[in-house]
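*Asks:* got a sequence here, can you model it:
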Amino acid sequence: NNFNGSGPAWFGNLPKLHYLLLANNSFKGWVPPSFGKISALESINLRYNFLEGRVPEEIGHLPKLKMLRMGYNNLSGSIPATIFNISSLELIDFTYNMMNGSLLEDMCVFHPKLEFLRLSENEFDGQIPTTLGECRELQIISLSYNKFSGFIPKAIGNLTLLEILYFGGNNFKCIIYSHLLLLFSVVRI
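*Replies:* Predicted structure coming up:
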């Protein structure tokens, strides 16, 4: 569609809503914090809009959320720490925004179901969490074109379901561990 204006905050008054799909529109303004009141919400897809500002911490209060897609907007600031407390999350996508900050070291401790982590084309910095290998269900890691530095964690070699790994366009120091060589032979980098 070509819906425009600000993100409809009144959706927060729909507590039984399971899927909020507003992608490929022309919404502007902020992501409404009231979205965090939709307790049954399993999927948020706000990709390809013109949303800006910070991701509201209230999104991290959605206990059933599986899919969080906010890529291809103008979002800024860091990923709220509350999002990393949602154990049901399977997909996190903030690709092509202007977000920054570093990733929490223990971000995978509470994400046993996380399959897709897409954060490419932002301004994230710091090191890749050494605990990333604890997200055992990860199939896609897309962290390219950010400002990450340091070493690629050895624990990534534990991700036996990994199919796609994008790390290009960062400032990594390179040490390739022998068990990663086997992983890289089956993963597209």
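
*Asks:* per-residue confidence for Leu183?
*Replies:* Listed pLDDT for Leu183 reads 48.

*Asks:* ugh, wrong one, Phe11
*Replies:* 89.

*Asks:* what's the answer for Ser178, then?
*Replies:* 50.

*Asks:* residue boundaries of the helices in the protein?
*Replies:* Assigned by DSSP state H, the helices in the chain fall at 178-184.

*Asks:* the bottom helix or strand of it by mean pLDDT?
*Replies:* helix 178-184 (a mean of 49; mean pLDDT, DSSP states H and E).

*Asks:* any stretches of the protein with poor pLDDT?
*Replies:* Along the chain, the model assigns pLDDT under 70 to residues 174-189.

*Asks:* how much space between Val138 and Met67?
*Replies:* Actually, residue 138 is Leu rather than Val. From Leu138 across to Met67, the span is 15 Å (Cβ to Cβ, to the nearest Å). Backbone N, C-alpha and C define where each C-beta goes, glycine included.

*Asks:* one more: Leu51?
*Replies:* Here the criterion is Cβ to Cβ. By it, Leu51 lies 17 Å from Met67.

*Asks:* same thing with Val55?
*Replies:* Going from Val55 to Met67 by Cβ to Cβ gives 15 Å.

*Asks:* what does Phe27 give?
*Replies:* Taken as Cβ to Cβ, the span from Phe27 to Met67 is 18 Å.

*Asks:* neighbour count: Leu138 and Met67, which is higher?
*Replies:* Leu138 (24 against 19; other Cβ atoms under 10 Å).

*Asks:* backbone phi and psi for the more buried one, please?
*Replies:* phi -60, psi 130 (degrees, to the nearest 10).

*Asks:* contact partners for it?
*Replies:* Leu138 makes contact with Leu114, Glu115, Phe116, Leu117, Leu132, Leu159, Leu161, Leu162, according to Cβ atoms under 8 Å, 6 or more residues apart in numbering.

*Asks:* how about a cut-off of 10 Å?
*Replies:* 108, 111, 114-117, 132, 156, 158-165 (Cβ atoms under 10 Å, 6 or more residues apart in numbering).

*Asks:* look up how far Leu89 lies from it.
*Replies:* Counting by Cβ to Cβ, the gap between Leu138 and Leu89 amounts to 12 Å.

*Asks:* just the buried residues of stretch 87-103, please?
*Replies:* 88-97, 99-100, 103 (16 or more other Cβ atoms under 10 Å).

*Asks:* in contact with Asn100, which residues?
*Replies:* Per Cβ under 10 Å, 6+ apart, neighbours of Asn100: Ser76, Gly77, Ser78, Ile79, Asn122, Glu123, Phe124, Asp125, Gly126, Asn146, Lys147.

*Asks:* is it true that the fourth one touches Leu89?
*Replies:* No - if you go by Cβ atoms under 10 Å, Ile79 and Leu89 don't touch, sitting 11.5 Å apart.
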